[in-house]
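Attaching a predicted model along with its sequence, questions to come.
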Amino acid sequence: MQAGALPRTVRLPGARVPFTVVGAFIAIAAFGVYFTSQDFKLGAYWFIGVAFGVILQRSRLCFAGAFRDLIMGGDGRLLRAILVGLAVATVGMSFLMARFVPDPSFGTLPPGAHIQTVSFATVVGGVVFGIGMVLAGGCVSGTLWRMGEGYLNSWVAMVGILGGLWAGTKTWSWWWDHDVSKREATWLPAKLGMLPSIALVLAALGAIYVAVLWWELRSPQMPEPVAKPTTPAFTVRDHVGLAWSRAFRGGAWSYLTGAVCLAILGTFAYNIQAPLGVTGGLGLWTDQVASAFHAGGLPLKGADQLAGCTAGGGANWLTIRTMTMSGLVLGAFTASVVAGEFKIRFPRRAIRYPQALAGGALMGYGALLAVGCTIGAFFSSIPSLAVSGWLFGIALFAGAFVGVQIIRRLP
């Protein structure tokens, strides 16, 4: 969304808030019980998705904003927080991968890790995705949590994302035949060993953190918000009430809190089966709808050789990916209502609708090529010690830079 173009809002009537909160909690619990009865992992990823949405909504964590804010205004606070989150996730996931693959020299890749192919498609996907997320005003996960918070523009962007994912399935065979099938998925421990790989990734993240901080200090700074004084807590009830107030009534969480919580959640998810990812679920549901019109494109050619946030195939609507992304929306909605932040928001200018639609389409197509978005191909891939995550991240930055130049010229 353009600076100065604040959305018009319609608030949820206050009298309905308690009823809405109770209804949301009942829905979360009921769906959780049902999905768990079908498969324990489905229920687990449903609750992971809900927690995912709460974390993103309360901390305002958005990967598009991290790149855009640094490029446009020299504000690196969000990106620095994400770098810390990546470091925490790297340590946590590395312990799990070391347990799954005690000796990486044999060439066996850890199951479930997001170790995508290092290909030209990854670069193109990253650049296209980076342009799209800046145009749409949020990445895929950012679009999902803003949908739950009431942003109408994000619903429009989601239509574009689904269209882009569908278009990607129609061109994937060409990319597979001419590029992806000829490349390899490179896992750093297979080349360097586990400990040197962890040290290298942490050192690289630290160097980028320092570089971002240096760039930020050269740029005009935004004043830090003044924290409101809190009433001392003396009883258990006071402590519980104060914790609740800080979580849902004391303003947004810090970026750092959100990024670290996201890293812990991603590590927990990987301990069950796979790290966080959302585009696989979106792609699967898109294909299910398209298949009803005989226009489906799944499974992707070579899908059995792909790692990351893949959509898979078949007629099953319920997978760990669909659980994650649907739980994310409901979690964000619930958190925003509890915090009194849910509003139906309309963009002030009609041009924002086609802008969001086009940005979403670019994101969807880019995510299909890169086998993941900023969550699956970046935040879950780098901690998987995959080279593809770094390649996608560099391409993301390049795409975000182009996207910023575009929106600066838009009315």
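Received it, and whenever you're ready, just let me know what you need. Numbering: from 1, shown residues only.

where along the stretch 1-150 of the chain do the strands fall?
Using DSSP state E, counting those that start in this stretch, the strands of the stretch 1-150 of the chain run over 8-11.

Okay, now the unreliable bits of it?
1-17, 19 (pLDDT under 70).

after the lengthiest helix in the chain comes which helix or strand?
The longest helix of the chain (DSSP state H) is helix 152-178. Next along the chain after helix 152-178, taking DSSP states H and E as the criterion, comes helix 188-192.

Just the buried residues of that following helix, please?
188-190 (16 or more other C-beta atoms under 10 Å). No exception for glycine: its C-beta is placed from N, CA and C like everyone else's.

cool, stretch 305-312 as well?
In stretch 305-312, counting by 16+ other C-beta under 10 Å, buried: 306-312.

So which of those is the closest to Ala167?
Of all these, Ala167 sits closest to Ala311, with 13.5 Å by C-beta to C-beta.

The residue lying closest to the closest one once chain neighbours are set aside: neighbour count?
Counting by C-beta to C-beta, 6 or more residues apart in numbering, Ala311 lies nearest to Gly283, which is 3.3 Å off, once chain neighbours are set aside. Other residues lying near Gly283 total 31 when counted by other C-beta atoms under 10 Å.

what about the nearest residue to Phe342 once chain neighbours are set aside, distance to Arg408?
Nearest non-adjacent residue to Phe342, counting by C-beta to C-beta, 6+ apart: Ser336, 4.1 Å away. Distance, Ser336 to Arg408, by C-beta to C-beta, to the nearest Å: 30 Å.

Give me the more crowded residue out of these two.
Legend: neighbour count by other C-beta under 10 Å for Ser336 and Arg408, higher for Ser336 (24 against 10).

So that one versus Gly372, what's the distance?
26 Å.

One more: Trp317?
The value you get for Trp317 to Gly372, if C-beta to C-beta is used, is 20 Å.

follow-up on the earlier one: could you look up the SS state of the residue nearest to Phe342?
helix (DSSP: H, G, I helix; E, B strand; the rest coil).

For it, give me its contacts.
Counting by C-beta atoms under 8 Å, 6 or more residues apart in numbering, Ser336 touches 57, 148-150, 342.

what sits against Pro110?
96-97, 100-101, 187, 384.

got it, and Gly65?
Gly65 touches 78, 138, 142, counting by C-beta under 8 Å, 6+ apart.

Look up the closest residue to the first one, ignoring the ones flanking it.
What sits nearest to Leu78 in space, not counting adjacent residues and going by C-beta to C-beta, 6+ apart, is Ala66, at 4.2 Å.

these two touch, right, the one you found and Leu79?
Yes. Taking contacts as C-beta atoms under 8 Å, Ala66 lies within contact range of Leu79: 4.1 Å.

of all the buried residues of helix 188-192, which comes closest to Ile208?
When those are compared against Ile208 (criterion: C-beta to C-beta), the nearest one is Leu188, at 16.4 Å.

Give me the distance between the residue nearest to Ala311 and Leu369.
Gly283 is 12 Å from Leu369, by C-beta to C-beta.

Then Gly148?
Distance from Gly148 to Leu369, by C-beta to C-beta: 27 Å.

More neighbours: which of these two?
When Gly148 and Leu369 are compared for neighbours, Leu369 comes out ahead with 27 against 24, by other C-beta under 10 Å.

tell me the contacts of that one?
Per C-beta under 8 Å, 6+ apart, neighbours of Leu369: 121-122, 124-125, 128, 168, 172, 175.

Turn those into TSV, columns for distance to Leu262.
Shown next, in TSV, are those (distance: C-beta to C-beta, whole Å):
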residue	distance to Leu262
Ala121	26
Thr122	22
Val124	27
Gly125	22
Val128	24
Gly168	26
Trp172	29
Trp175	30
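
thinking again about what came up before, spit out the contact partners of the residue nearest to Ala311.
165, 169, 298, 310-311, 368.

ok so, going back, looking at the buried residues of helix 188-192, which is nearest Pro354?
Leu188 (41.6 Å).

Skip the chain neighbours and tell me the closest residue to that closest one.
Leu188 sits nearest to Ser197 (C-beta to C-beta, 6+ apart), 3.8 Å away.

Pretty sure that neighbour sits in a helix.
Yes. Counting by three-state DSSP, Ser197 is located in a helix.

if I look at it, how far off is Ala121?
24 Å.

same question, Ser173
12 Å.

Please identify which of these two sits among more neighbours.
Ala121 (23 against 13).

Isn't the more buried one up against Ser181?
No. Here Ala121 lies out of contact with Ser181, judged by C-beta under 8 Å, at a distance of 10.4 Å.

Ala66 and Leu79: which is more packed in?
More crowded of Ala66 and Leu79, by other C-beta under 10 Å: Ala66, with 28 against 25.

Contact partners for that one?
Listed by C-beta under 8 Å, 6+ apart, the contact set of Ala66 reads 78-79, 81-82.

could you list every residue that touches the spatially closest residue to Thr108 that is not a sequence neighbour?
Take Thr108 and drop its neighbours on the chain: the residue closest to it by C-beta to C-beta, 6+ apart is Val101, 5.4 Å away. Shown in contact with Val101 (C-beta under 8 Å, 6+ apart): 108-110, 189.

in the stretch 301-411 of the chain, what spans have low per-residue confidence?
For the stretch 301-411 of the chain (pLDDT under 70), the answer is 313-315.

switch to 90 and redo it
Scanning the stretch 301-411 of the chain for pLDDT under 90 picks out 303-317, 339-343, 345-351, 410-411.

the strands in it, which residues?
343-346.

still on that earlier bit, quick check: buried residues in the longest helix of the chain?
Buried-residue list, helix 152-178, by 16+ other C-beta under 10 Å: 152-154, 156-158, 160-169, 172, 175-176.

Over to stretch 399-411?
Applying 16+ other C-beta under 10 Å to stretch 399-411 flags 399-401, 403-404, 407 as buried.

Since that was my last question, I'll sign off now.
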